[in-house]
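> Mind folding the following:
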Amino acid sequence: MTLNFPNLSRSYDERRNLVRFWGYDRALEVPFFVEVSALCKLLPQTQNLEAGYLDAFDAAREQILEAARKVYAQTSRDAYLLAATDF
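Coordinates of the predicted model:
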């Protein structure tokens with residue numbers, strides 16, 4: 001298992017209150033979601049706006065990707081949700 005994150009894109013899903021991003025295991029695209037509450041835990045000064053959540057994601061990207069790798073290694077799913085407890 002080799003999980004990489006070459007795609008820097010991320011987007012805010014207002015309906016689900018999550019930021020989505022993608023990893024790749026060889027040719028397989030792996031969707032990830034991080035809860036806004038997790039972003040606020042990582043960066044308490046996060047503004048409660050789409051731009052604030054995306055800025056928080058960018059600022060904590062390495063921590064988020066590390067948590068994503070850990071969760072991905074533990075189980076096989078169609079998509080992975082990162083919550084505040086994963087950090």
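
> drop to CA atoms for contacts and neighbour counts, all remaining ones
Will do.

> The closest residue to Glu35 other than its chain neighbours: what's it in contact with?
Counting by C-alpha to C-alpha, 6 or more residues apart in numbering, Glu35 lies nearest to Leu18, which is 4.7 Å off, once chain neighbours are set aside. Contact analysis of Leu18 by C-alpha atoms under 8 Å, 6 or more residues apart in numbering lists Tyr12, Phe33, Val34, Glu35, Val36.

> Report the beta-bridge partner residues of the residue nearest the centre of the chain.
Of all residues in the chain, the one closest to the mean position by C-alpha atoms, centre = their mean is Val34, 4.0 Å from it. Val34 has these beta-bridge partners by DSSP bridges: Val19, Leu82.

> Tell me how far it lies from Asn4.
From Val34 across to Asn4, the span is 17 Å (C-alpha to C-alpha, to the nearest Å).

> For PyMOL, write the selection for the buried entries among the contacts of Leu18.
Selection command for PyMOL covering only the buried members of the contacts of Leu18, criterion 16 or more other C-alpha atoms under 10 Å:
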select buried, resi 12+33+34+35+36
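
> Mind naming the longest helix for this structure?
helix 61-74 (DSSP state H).

> Run a quick neighbour tally on Gln63.
Gln63 has 12 neighbouring residues, counting by other C-alpha atoms under 10 Å.
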